[in-house]
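J.: Make a model of this:
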Amino acid sequence: MRYDVLFRFREPGQFPEERTINEPIVLERGEAALIPDVGDQVTYPYGGHPTDFNVLSRRFAYHDHHCTVNIEVGHPHAHAVLSPTE
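T.: Numbering: from 1, shown residues only. Prediction:
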């Protein structure tokens, strides 16, 4: 199965941007990668600079032999992220 991982940035109280990096991360059959979970911190280029973000949500869309993973991120401490027990 092929996976496309897309990151989307969201300011508090706003809708997420369409896409925050120009190219999706593409994983083909047999390739492995860690997909960040809600609450994880990730660093990737945003506005031409490495920037830290917290993962707010992730959604998997499956179709045929393809999966798109939409990961919504925001600035650390700008969003309240609840643990699964809260």
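J.: What residues are bridge-paired with I25?
T.: Using DSSP bridges, the bridge partners assigned to I25 are V5.
J.: How about F9: which residues does it bridge to?
T.: Under the criterion used (DSSP bridges), F9 bridges to V73.
J.: Which pLDDT does the model give it?
T.: Per-residue pLDDT puts F9 at 84.
J.: Residues contacting the helix or strand bottoming out on mean pLDDT in the chain, please?
T.: Ranked by mean pLDDT, DSSP states H and E, the helix or strand of the chain with the weakest confidence is strand 25-27, at a mean of 80. The contact list for strand 25-27 (CB atoms under 8 Å, 6 or more residues apart in numbering) reads 2-5, 33. Every C-beta, even on glycine, is put in place using the N, C-alpha and C of the backbone.
J.: And that strand, what's buried?
T.: Buried residues in strand 25-27, defined by neighbour count with 16 or more other CB atoms under 10 Å: L27.
J.: try stretch 33-43
T.: The neighbour-count check on stretch 33-43 (16+ other CB under 10 Å) flags P36 as buried.
J.: can you give me the end-to-end distance of that stretch?
T.: Distance across stretch 33-43, first residue to last, is 15 Å (CA to CA, to the nearest Å).
J.: Let me see the residues that make contact with that stretch.
T.: Here stretch 33-43 makes contact (CB under 8 Å, 6+ apart) with 3, 5, 7, 25, 27, 50-58, 69, 71, 73, 76, 81, 83.
J.: change it to 10 Å
T.: Residues outside stretch 33-43 that contact it (CB atoms under 10 Å, 6 or more residues apart in numbering): 3, 5, 7, 25-27, 50-58, 60, 69, 71-73, 76, 81-84.
J.: now those residues: which count as buried?
T.: Looks like these have 3, 5, 7, 27, 51, 53-56, 58, 69, 71-73 buried, using 16+ other CB under 10 Å.
J.: Cool, thanks, signing off.
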